[in-house]
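>>> need a 3D model of the sequence below.
(one chain, ligands or ions: 3)
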Amino acid sequence: MQQPPDADRRVVLTSGVAAVVALLAGGCAATGGTPGAPAADAPDTPDAPDAPGFTPVPPSAADSLAVPPGYEAALLYKWGDPTGMPGAMPPWRPDASTTAADQAVQAGMHHDGMHFFPLAHDGQRGLLVLNHEYTDEGLLHGDGARGAHSLERVRKSQHAMGVSVIEVTAGPGGWQQVLPSRHARRIHGNTPMRIAGPAAGAPAMRTALNPAGDAVLGTFANCAMGVTPWGTYLTCEENFQGYFGGPGRAPADLPASLRRYGVAPGGQWVDWWQHDERFDVTRHPNEANRFGWVVEIDPMDPTSTPVKRTALGRKRQESATCSLTRDGRVAVYMGDDGRFEYIYKFVSRDRVRPGGYAANRDLLDHGTLYAARFDTGGRGQWLALQPGAPGLATLADVVINARGAADAAGATPMDRPEWIAVHPQSGEVFVTLTNNTQRGLPGRPAVDAANPRAGNGTGHIIRWREAGADAASTAFDWDIFALAGDPAVPGSAARYPTADADAFGAPDGLHFDSGGLLWIQTDMSGQLMHKGPLARLGNNQMLCANLATGRIRRFMTGPRGCEITGCVVTPDRRTLFVNIQHPGETSDDGGTSGHWPDGGTTRPRSAIVAVRRTDGGVVGT
Ligand code: FEO
Ligand code: CA
Ligand code: CA
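Numbering: from 1, shown residues only. Ligands and ions are numbered 1, 2, ... in the order given. Okay, the predicted model is just below:
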């Protein structure tokens, strides 16, 4: 693909890391936001002093979505819409009377991480690949959360998570889904997949269904994501523990790979185990070891088998953000979203080769897994996780219980690491620590340099620079980019790069566009929003930060009850695709807090929103 001369020069001059990516990537996928790959026809004005140039939107408590003046937002692919496989397009039913088989070929619930893979050189046609994180059982089933339990109901729940691949195209009326599409695909909780890397075949991965320990049915709890330099999609299995359970209570001798991850009989959120016995940990404890991984998907081949890449370590997986080392290997940055959990990095043994996925099929199976230690004075170390600690005799043990290995290595317990983003030119890395209200409580870890607020209800964003600007380094410098919260609240200790920043709380989603604008998405809980220190900030929202100026501006506010998470700016920077997750989130008594997007008394539905400037310009500038 042709690159504008200025963009080429910028990349080569400013970052060896980015330059290597640009050289290796090639092809359409490389322009879909791969770190360092310059946009095909982006203007070379990403960091103009006054950007972001839009008029910020005010906080909102309305059951609607708002974008700045001069922008328009269009809906795509709401929960229950057909994915588009030819001959399998059952329509949405407002009463949720669709079957499990229908749900397997429709949009899942709770859209999260997402990426755009162009199919055409003009970027006006492509694939959107997106995660479906969890289910709201009360909305999913026609008879609500307390309906009669059955295997059909379990299957519908399993089919409502996973990943969608949809084809979209831009026309005079805006972006539309292509129906049907030969590219369309649903991957869900029962899709066959392969297990690869150090844990494949290990005793702890073997089950009655798969004695070889090298294959598994399904992925679910899919939260944040990543894109490899060779154009595959990485989906992250986050809160898998909520779907495993069983009768009775947790025995005292529960294996560490279950205990350390919160898997236990009686600990389930949804009673799948009653009708699908592989989720009964009292009968099949190893099944839970086969979740919590990064799963690699080739979006261009709807017949390909997804692969769980165990070398990257098992966690409540949050982000698998790729960068390149100076010598052309891949580095994958990952968070583990639990209170006092860790930030990880995987560095491959081998260099990325030109030739797409076919040339890099095993690249994520060999390498070194690290966890981060944040020291005082803005210094940090990557600690290699290796066999040797008690209970961690083999590399398989280490990756299956990566949390235990990071404990043993002395990594820094963080305030719930969520998304990680790499600056496309500088290679600087940003991570959201969404909140941790238990920080500093009696018996819990105290505040430290990188997690400096007790009872951290509003979260913060840290950035680090690898030593020598090399993603393979084992040392880094770090600082705090923002302490989120409302500075108007006495004692909040909120701190932003500039005094006039638009305040936000609980940062979660994070995305750099190819021009270096940082898009920040929030996931304030209902309790925080309505009763806590963030009440004045209204519904969850999305902001745009310009690192050259330090300015942060509120770009979007979401409808009631939603979180905003997962976004991607197209290579031409003219469209921003954003996911609106769990609008109208239900309360414990079964009521909904809103009815977006269809209004009236309808079931609220997660959806993609395509945002463009009405004048066709670059978004965020
Ligand atoms: Fe699914 Fe931690 O966000
Ligand atoms: Ca998240
Ligand atoms: Ca969150």
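
>>> the spatially closest residue to Ala503 that is not a sequence neighbour: how many residues sit nearby?
Spatial nearest neighbour of Ala503, excluding adjacent residues (C-beta to C-beta, 6 or more residues apart in numbering): Asp486 at 4.9 Å. Every C-beta, even on glycine, is put in place using the N, C-alpha and C of the backbone. Close neighbours of Asp486, defined as other C-beta atoms under 10 Å, add up to 18.

>>> so how far is Cys562 from Asp486?
From Asp486 across to Cys562, the span is 20 Å (C-beta to C-beta, to the nearest Å).

>>> same question for Thr135.
On the measure of C-beta to C-beta, Thr135 and Cys562 end up 16 Å apart.

>>> if we can go back for a sec, just checking, the residue nearest to Ala503 touches Ala494?
Yes. Using C-beta atoms under 8 Å, Asp486 is in contact with Ala494, at 6.2 Å.

>>> what is in contact with the two at once?
With contacts defined as C-beta atoms under 8 Å, 6 or more residues apart in numbering, the residues shared by Asp486 and Ala494 are 458, 503.

>>> Ser257 in helix, strand or coil?
Three-state call for Ser257 (DSSP: H, G, I helix; E, B strand; the rest coil): helix.

>>> that one contacts Val399, doesn't it?
No. Counting by C-beta under 8 Å, Ser257 stays clear of Val399, with 10.2 Å between them.

>>> so what sits against both of the two?
Arg314.

>>> for Asp479, which three-state class applies?
Classified using three-state DSSP, Asp479 is strand.

>>> so what pairs up with it in the strands?
Asp479 has the following beta-bridge partners by DSSP bridges: Arg463.

>>> now the residue nearest to Ser181 when sequence neighbours are not counted: which helix or strand?
Counting by C-beta to C-beta, 6+ apart, Glu167 is the residue found nearest to Ser181 once chain neighbours are left out, at 3.7 Å. For Glu167, the element it lies in under DSSP states H and E is strand 162-171.

>>> got a list of contacts for that strand?
Applying C-beta under 8 Å, 6+ apart, the external contacts of strand 162-171 come out as 76-77, 83-84, 107-108, 119, 124-132, 175-178, 181, 183-189, 191, 218-220, 222, 233, 235, 297, 299, 302, 575, 610.

>>> got the contact list for the closest residue to ligand 1 within the stretch 151-300 of the chain?
Residue of the stretch 151-300 of the chain nearest ligand 1, by C-beta to the nearest ligand atom: Cys223 (3.4 Å). Cys223 makes contacts with 112-113, 131, 133, 236-239, 317-318, 337, as judged by C-beta under 8 Å, 6+ apart.

>>> picking up where we left off before, which residues does the residue nearest to Ser181 bridge with?
Beta-bridge partners, per DSSP bridges, of Glu167: Leu127.

>>> now do it, the pLDDT please.
Glu167 is assigned a predicted lDDT (pLDDT) of 98.

>>> ditto for Gly591
81.

>>> mind checking which helix or strand the residue nearest the centre of the chain is in?
Centroid-nearest residue in the chain: Ala224, 0.9 Å away (criterion: C-alpha atoms, centre = their mean). Element membership of Ala224 [criterion: DSSP H and E] is strand 222-227.

>>> where along the stretch 101-250 of the chain do the helices fall?
137-140, 151-159 (DSSP state H, counting those that start in this stretch).

>>> who in the stretch 401-550 of the chain is up against ligand 2?
418, 508 (C-beta under 5 Å from the ion).

>>> one more pass at 6 Å, please.
418, 508, 523 (C-beta under 6 Å from the ion).

>>> which members of the residues you listed are positioned in helices?
Among those, DSSP state H puts none in helices.

>>> what about whichever residue of the chain sits closest to ligand 3, neighbour count?
Closest to ligand 3 within the chain is Asp523: 3.6 Å, counting by C-beta to the ion. Asp523 has 22 neighbours, counted by other C-beta under 10 Å.
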